[in-house]
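have a look; sequence and predicted model below, questions after that.
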Amino acid sequence: MVKLNEHYSELKDSYLFYNISQKVKAYQEKNPDKKLYRMGIGDVSLPLCDAVIKALHSAVDDQSAKESFHGYMPECGSPFLRETIADFYYTRGVKLSAEDVFVSSGASDELGDILDLFDRSSSALVIEPAYPAYLDANVMAGRKIVHLPSGIDNGFLPLPDEKVKADILYICSPNNPTGAVFDREKLQKWVDFANANGSVILFDAAYEAFIDDPKLPRSIYEMDGAETCAIEICSLSKTAGFTGTRLGYTVIPRTLTRNGMSLNSMWVRNRTTKTNGVSYIIQRGGAAVFTPEGQNGIKENIRYYKNNARILMDSIDKIGLWYTGGKNSPYIWMKTPSGMKSWELFDLLLNDYQIIGTPGVGFGECGEGFFRFSTFGSTEDTEEAAKRLLKLR
Ligand code: MLT
């Protein structure tokens with residue numbers, strides 16, 4: 001009899017966002033006439049910007065002619081996109097070469113796949129509350145998980161200390177779910193810690209484009225020594241509305257080695273074995289994001305979401321509840337009223353106000369008593385939801 005991966009039985013019954021979608025589906029079936037205000041999963045609502053759409057159309061045309069047709073793409077990404085991304089980092093003061101950049105089909109896929117680089121006996125540190133896939137992907141692999149809870153006392157930005165011992169360190173900044181952002185000094189501490197201990201940081205930069213404050217780091221490579229201890233995983237999902245289009249990139253500097261092995265060379269070996277690359281059409285669309293026209297387009301969309309965040313924050317200020325995020329992040333992380341449990345608030349908001357959010361406990365035990373709002377909906381819906389939220393006063 002085949003032996004299955006028994007670690008699956010250690011997982012929670014279902015994935016957080018699946019769980020929520022099932023609850024919402026059941027509510028909608030019972031109440032087909034009710035309009036819902038969706039601020040749960042961080043899925044974008046604005047269409048792709050013009051520069052991307054033009055590039056996608058033109059790439060489709062390329063596929064119609066023998067001279068410009070593309071079959072299999074290079075597994076690690078097309079040189080045109082790898083170079084474009086490396087140049088983009090350069091404009092922000094980070095020197096990378098195109099070979100340090102790998103094109104991926106999105107950060108969530110990559111955050112799981114990248115674990116192939118590490119032995120199953122290595123441990124993974126998860127700063128909680130955390131994006132649930134960090135935990136689940138490592139539970140599936142049977143890895144030891146080191147939970148590092150955070151809270152209001154440290155602004156949801158914990159620092160390493162001698163009690164923290166782990167090989168793989170997940171850091172997400174701006175953080176999902178809390179929206180908290182590590183400043184340079186704090187992030188430098190994690191980089192120094194990783195270098196001193198031979199650990200590797202998996203830096204999830206999916207929300208970097210939401211940082212307005214120029215003092216805050218958008219890439220871990222802005223820190224001294226990060227090129228010898230960090231992998232950066234980024235995505236165009238939230239930056240440029242690619243949640244359904246799928247495109248991301250991963251930076252593994254060639255200076256990152258452990259036990260005499262280059263993680264960059266290992267990833268080349270992995271990708272050339274396990275993928276046939278991302279589609280030519282999508283990569284052309286992705287490259288357009290980094291053109292001046294593309295940057296203007298995506299910034300306009302990000303401003304739209306940030307305005308939604310402002311509307312929601314105004315409302316939460318009026319209710320008088322504690323929250324973080326919202327300023328350099330598309331997520332607002334709010335304390336529940338009157339010590340309510342986070343699923344209790346989920347049910348109340350859904351049943352009484354038709355607002356869908358995400359219960360904080362879904363991101364780890366220390367998320368109990370908190371609630372996450374995503375600001376990727378339409379402004380009309382956000383305004384209505386903000387008005388309804390005032391009833392929590
Ligand atoms: C979230 O809502 O946490 C994210 O949208 C989920 C994801 O990026 O997969």
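That came through fine.

report pLDDT for Ala196.
On the pLDDT scale, Ala196 is placed at 97.

what about it, distance to Ser122?
Look at Ala196 and Ser122: by C-beta to C-beta, to the nearest Å, they are 17 Å apart. Just so you know, the C-beta spots here come from the backbone N, C-alpha and C atoms, and that holds for glycine as well.

the two: which is more packed in?
Comparing Ala196 with Ser122 by other C-beta atoms under 10 Å, the one with more neighbours is Ser122, at 18 against 11.

quick one, phi/psi of the more buried one?
phi -80, psi 150 (degrees, to the nearest 10).

how about Val200?
The phi/psi pair for Val200 (degrees, to the nearest 10) reads phi -120, psi 130.

same thing with Pro149?
phi -70, psi 150.

would you map the helices across the chain?
Ranges of helices in the chain, per DSSP state H, are 16-30, 50-62, 79-91, 107-113, 132-140, 184-197, 237-240, 263-274, 280-289, 292-319, 342-353, 379-389.

what's the nearest residue to Met223 if we skip its chain neighbours?
Once flanking residues are discounted, Met223 sits nearest to Val191: 4.5 Å by C-beta to C-beta, 6 or more residues apart in numbering.

now do the contacts for the residue in the stretch 1-150 of the chain positioned nearest to the ligand.
Nearest to the ligand in the stretch 1-150 of the chain, going by C-beta to the nearest ligand atom, is Gly42, at a distance of 3.1 Å. Gly42 makes contact with Asn176, Lys238, Pro330, Tyr331, Ser374, Phe376, according to C-beta atoms under 8 Å, 6 or more residues apart in numbering.

sorry, back to before: distance to Leu157 added to the helices of the chain, as a markdown table?
Formatted as a markdown table, the helices of the chain follow (distance: least, C-beta to C-beta, whole Å):
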| stretch | distance to Leu157 |
| --- | --- |
| helix 16-30 | 22 |
| helix 50-62 | 33 |
| helix 79-91 | 24 |
| helix 107-113 | 20 |
| helix 132-140 | 16 |
| helix 184-197 | 6 |
| helix 237-240 | 20 |
| helix 263-274 | 26 |
| helix 280-289 | 29 |
| helix 292-319 | 19 |
| helix 342-353 | 20 |
| helix 379-389 | 26 |
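
so for Cys172, which of those sits nearest?
Cys172 sits nearest to helix 132-140 of all the helices of the chain, at 8.0 Å, using C-beta to C-beta.

is that closest one positioned near the ligand?
No: if you take C-beta under 6 Å from any ligand atom as the test, helix 132-140 misses the ligand, and the best it gets is 6.9 Å.

which parts of that helix are buried?
For helix 132-140, a neighbour-count test (16 or more other C-beta atoms under 10 Å) marks Pro132, Ala133, Tyr134, Leu135, Asp136, Ala137, Asn138, Val139 as buried.

returning to what we had before: thought the residue nearest to Met223 was touching Tyr221?
No: using C-beta atoms under 8 Å, Val191 makes no contact with Tyr221, being 9.6 Å away.

list residues touching both of the two?
Common neighbours of Val191 and Tyr221, using C-beta under 8 Å, 6+ apart, are Ala230.

ranking by neighbours, what's the top pick from the contacts of Gly42?
In terms of neighbours by other C-beta under 10 Å, those top out with Lys238 at 29 neighbours.

contacts for stretch 265-272?
Stretch 265-272 is contacted from outside by Glu75, Cys76, Phe102, Asp113, Ile114, Asp116, Leu117, Thr250, Ile252, Arg254, using C-beta under 8 Å, 6+ apart.

among these, which two are most distant?
Greatest spatial distance among the contacts of stretch 265-272 (C-beta to C-beta): Asp113 and Arg254, at 19.4 Å.

so for those two, which sits in the more crowded spot?
More crowded of Asp113 and Arg254, by other C-beta under 10 Å: Asp113, with 19 against 14.

can you tell me how far the more buried one is from Tyr90?
Taking C-beta to C-beta, one finds Asp113 at 27 Å from Tyr90.

as TSV, the contacts of Gly42 with pLDDT and distance to the ligand would be great.
Converted to TSV, those look like this (pLDDT from 0 to 100; distance: C-beta to the nearest ligand atom, whole Å):
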residue	pLDDT	distance to the ligand
Asn176	98	5
Lys238	97	7
Pro330	98	9
Tyr331	98	8
Ser374	98	6
Phe376	98	8
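
now, among the residues you listed, which is nearest to Asp317?
For the contacts of Gly42, the residue nearest Asp317 by C-beta to C-beta is Tyr331; the value is 16.6 Å.
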